[in-house]
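Participant: here's a sequence, model it:
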Amino acid sequence: MRFFCLLASLFFAQSIFAQNASWAGDIAGIFYQNCTVCHRTGGIGPFPLITYGEAASQAADIDHAVNDRHMPPWSPDTTYQRYSHERLLTANEIEKINDWLLNDMPTGDLTQAPPPPVYNDEGFISLTPDLELSMPLHTSQATAQSDDYSCFAIPTGLLQNKKIRAFEVIPGNHAIVHHCLIYVDPTGTYNTNTSGYCTGPNDGLLGGYTPGSTPTVFPSNGSTVNMGYTLLAGSKIVFAMHYPNYSAGEQDQTKIRFWFYPDATPIREVTTDPILQNWSFNLPPNQITEVTANWNLIPVDMSILSVFPHMHLLGKNIEAYGLTPQGDTLKFVKIPHWDFHWQQFYFFQNIIRVPAASSMHSRGEFDNTEDNPHNPNFPPIAVGPGLNTSDEMFLVYFHYLPYVNGDELLDLESMTELATVISEQPGVGVSDILVFPNPASQMVTFEFDLKENATVSIFLYDLQGRLVERLIDRLHVTSGKSQNTLPVGHLSKGAYFWSANVNGTFSSGKLLIE
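Facilitator: Residues are numbered from 1 along each chain as shown. Next comes the predicted model:
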């Protein structure tokens with residue numbers, strides 16, 4: 001009996017050990033899908049997390065950020081509403097990270113590690129743009145105590161109206177661009193403001209960039225449904241830039257690229273407005289104050305594509321929702337812990353229909369006490385609405401348009417894709433791996449020329465660094481020349497990165513599927 005118990009104890013201990021998370025087996029894949037879009041060389045994150053050594057050296061920061069739910073940065077409550085491109089760690093992923101940290105961060109077998117994602121800092125849409133505008137070269141004037149908020153008004157030079165199909169903001173210096181908001185000034189009168197306290201015009205917000213965000217592509221099926229935004233001749237584009245406090249002296253020249261519909265294409269006009277706003281509140285010192293905004297009796301059925309709540313440093317929480325004439329609640333967004341440094345447009349997974357005669361509402365709280373570590377005033381003082389960062393705002397923007405029957409059934413994922421192209425010539429080999437045909441249509445072949453037997457993994461990533469498919473996963477390949485031909489015809493047309501791990505040696509290249 002004692003012998004049986006001893007064996008059972010040893011088996012249990014071995015099982016626990018075998019379940020310990022390792023970098024190669026567990027953690028690398030989690031970080032690649034959730035963290036490295038920012039935490040990489042040249043990214044906005046303060047340190048990279050691509051390699052085991054990089055991650056292990058930041059164990060304390062990882063522990064704090066993951067368990068405080070501070071990272072990945074995703075503010076909306078996903079039990080309230082779901083969105084496209086959410087950045088979330090599951091409970092199981094958090095458990096694995098904690099297990100890895102508690103057990104001295106085992107490396108695991110690096111030959112079994114997933115190939116890392118490849119990032120394209122020159123933009124995700126590689127079609128030639130119809131219009132590209134750049135702000136002037138700017139040197140960040142942030143200090144150790146304050147960030148730099150500067151606005152640059154750039155004339156479009158357009159002599160006639162154009163219909164925007166898509167646009168993409170491309171930071172000139174990924175390491176220091178915390179966010180960029182893009183406004184359209186149709187009057188052409190807005191002036192550049194580099195005071196360090198400019199957060200942009202009062203209206204005309206089109207969209208923007210935050211680390212990890214994707215280009216804005218308005219839904220289109222190429223025939224019956226074409227949504228977009230008319231850019232008026234003589235307009236200016238305003239870049240409202242945010243550079244964090246550690247960026248002092250660094251330079252940036254961010255640009256924006258536009259793709260237009262053909263002039264004759266009829267479009268359904270998308271409007272971007274702060275439908276819910278309040279400019280008459282007062283925030284007394286040393287108290288938490290609730291602020292609300294409402295729009296009653298909406299005149300027509302509306303289709304809502306996205307939501308973007310906006311507050312400044314005293315923001316504590318915010319919620320936006322609708323009420324139909326039948327009393328049903330339409331949930332737009334709920335942010336229980338406001339973070340001024342992480343805000344963006346949140347695009348829904350499906351269009352939300354708001355029936356005529358509905359109402360729309362938002363409510364939020366502002367913390368103007370000494371307990372708010374972001375309070376710019378110590379001791380606290382009375383604060384009201386205004387344009388400066390030290391003032392406050394209470395706005396909820398939406399991308400929306402008049403409802404058409406069936407909008408809520410549209411497949412927005414497929415309707416927001418643009419074809420991409422790459423410049424590499426077919427048949428270019430990287431690290432003894434030859435990929436052909438390239439471009440590919442139905443099948444692609446990976447040819448290896450190995451000096452010794454190896455474990456091989458090849459993963460396919462999209463241009464945002466998101467895992468698309470495990471083409472080859474820990475396959476034993478014998479030495480010499482060999483080929484693996486794989487189907488790719490089921491994948492969407494466009495440009496991808498392939499990333500390979502051959503016995504712990506990594507390599508990558510581009511693959512076009514057409």
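Participant: contacts and neighbour counts: CA atoms only from here.
Facilitator: Will do.
Participant: and the residue positioned nearest the centre of the chain, what pLDDT?
Facilitator: Residue closest to the mean C-alpha point of the chain, counted by C-alpha atoms, centre = their mean, is Ser213 at 2.5 Å. Per-residue pLDDT puts Ser213 at 71.
Participant: mind listing what it touches?
Facilitator: With contacts defined as C-alpha atoms under 8 Å, 6 or more residues apart in numbering, Ser213 has no neighbours.
Participant: helix, strand or coil for it?
Facilitator: coil (DSSP: H, G, I helix; E, B strand; the rest coil).
Participant: burial of Thr230, as a residue count?
Facilitator: When counting by other C-alpha atoms under 10 Å, one arrives at 17 neighbours for Thr230.
Participant: that one belongs to a strand?
Facilitator: Yes: counting by three-state DSSP, Thr230 falls inside a strand.
Participant: what's the burial count for the closest residue in space to it that isn't next to it in sequence?
Facilitator: Nearest non-adjacent residue to Thr230, counting by C-alpha to C-alpha, 6 or more residues apart in numbering: Lys163, 4.4 Å away. Using other C-alpha under 10 Å, Lys163 has 22 neighbouring residues.
Participant: now swap in Ile94 and tell me
Facilitator: Under the neighbour criterion other C-alpha under 10 Å, Ile94 is assigned a count of 17.
Participant: do the same with Leu412
Facilitator: Counted with other C-alpha under 10 Å, residues neighbouring Leu412 total 22.
Participant: next: Asn191.
Facilitator: For Asn191, the count of nearby residues is 14 (other C-alpha under 10 Å).
Participant: so it is in which element?
Facilitator: For Asn191, there is no host helix or strand (DSSP states H and E).
Participant: if we ignore the residues flanking it in sequence, what's nearest it?
Facilitator: Once flanking residues are discounted, Asn191 sits nearest to Ala153: 5.7 Å by C-alpha to C-alpha, 6+ apart.
Participant: tell me the pLDDT at the residue nearest to Thr230?
Facilitator: 97.
Participant: that older thread, what distance do you get for the residue nearest to Asn191 to Tyr209?
Facilitator: Distance of Ala153 to Tyr209, computed by C-alpha to C-alpha, to the nearest Å: 17 Å.
Participant: before we move on, the earlier item: who does the residue nearest to Asn191 bridge with?
Facilitator: In this entry, Ala153 is beta-bridged to Val238, by DSSP bridges.
Participant: residues contacting it?
Facilitator: Applying C-alpha under 8 Å, 6+ apart to Ala153 gives the contacts 135, 190-192, 236-239.
Participant: repeat that with 6 Å
Facilitator: Shown in contact with Ala153 (C-alpha atoms under 6 Å, 6 or more residues apart in numbering): 191-192, 237-238.
Participant: how about the helices in the stretch 301-450 of the chain?
Facilitator: In the stretch 301-450 of the chain, the helices defined using DSSP state H, counting those that start in this stretch lie at 412-415.
Participant: okay, buried residues for stretch 363-380 please.
Facilitator: Of the residues in stretch 363-380, those with enough neighbours to count as buried (16 or more other C-alpha atoms under 10 Å) are 363-370, 372, 374-376, 380.
Participant: what's the burial count for the spatially closest residue to Trp342 that is not a sequence neighbour?
Facilitator: Nearest in space to Trp342, with sequence neighbours left out and distances taken as C-alpha to C-alpha, 6+ apart, is Pro73 at 6.8 Å. For Pro73, the neighbour count with other C-alpha under 10 Å is 19.
Participant: would Pro73 count as being in a helix?
Facilitator: No: with three-state DSSP as the criterion, Pro73 is coil rather than part of a helix.
Participant: from start to finish, how long is stretch 321-329 in a straight line?
Facilitator: Terminal residues of stretch 321-329 are spaced 7 Å apart (C-alpha to C-alpha).
Participant: tell me the SS of Asp61?
Facilitator: The three-state assignment at Asp61 reads helix, by three-state DSSP.
Participant: got the contact list for it?
Facilitator: Contacts for Asp61 (C-alpha under 6 Å, 6+ apart) come out as none.
Participant: which ones are touching the residue nearest to Thr230?
Facilitator: 229-230, 260-261.
Participant: ok, 10 Å please
Facilitator: Going by C-alpha atoms under 10 Å, 6 or more residues apart in numbering, Lys163 touches 227-232, 258-267, 269.
Participant: swap in Tyr461?
Facilitator: 115-119, 467-470, 495-499, 510-511.
Participant: report how many residues lie close to the residue nearest to it when sequence neighbours are not counted.
Facilitator: Excluding the flanking residues, the one nearest Tyr461 by C-alpha to C-alpha, 6+ apart is Leu467, at 4.5 Å. Residues near Leu467, counting by other C-alpha under 10 Å, number 19.
Participant: looking at it, Leu467 is touching Pro117, isn't it?
Facilitator: Yes: between Leu467 and Pro117 there is a contact under C-alpha atoms under 10 Å: 7.5 Å.
Participant: overlap in contacts of these two?
Facilitator: 29, 32-33, 459-461, 497-498.
Participant: pLDDT score for Gln349?
Facilitator: So, for Gln349, pLDDT stands at 86.
Participant: for Leu181, see how far away it is.
Facilitator: From Gln349 to Leu181 the distance is 22 Å (C-alpha to C-alpha).
Participant: with neighbour numbers in mind, choose between those two.
Facilitator: Neighbours per residue, other C-alpha under 10 Å: of Gln349 and Leu181, the larger number sits with Leu181, 20 against 17.
Participant: flag the shaky bits of the chain, pLDDT-wise.
Facilitator: Along the chain, segments meeting pLDDT under 70 span 1-19, 120-122, 126, 211-212, 418-432.
Participant: hmm, try it at 50
Facilitator: Along the chain, segments meeting pLDDT under 50 span 1-18, 421-431.
Participant: domains in it, by residue range?
Facilitator: Listed by automatic domain parsing, the domain ranges of the chain are 2-112, 120-269, 274-403, 433-513.
Participant: return the distance of Ser150 relative to Gly384.
Facilitator: 21 Å.
Participant: one step back: out of the contacts of Ala153, which is most surrounded?
Facilitator: Neighbour max across those (other C-alpha under 10 Å) = Val238, 27 neighbours.
Participant: surely it touches Asn202?
Facilitator: No: contact between Val238 and Asn202 fails when scored by C-alpha under 10 Å: they sit 11.6 Å apart.
Participant: overlap in contacts of the two?
Facilitator: Between them, Val238 and Asn202 share the contacting residues Tyr183, judged by C-alpha under 10 Å, 6+ apart.
Participant: so for stretch 247-267, what gets flagged as buried?
Facilitator: Buried residues in stretch 247-267, defined by neighbour count with 16+ other C-alpha under 10 Å: 247-248, 251-252, 254-261, 267.
Participant: one more: stretch 188-200?
Facilitator: For stretch 188-200, a neighbour-count test (16+ other C-alpha under 10 Å) marks 188, 190, 192-194, 196-200 as buried.
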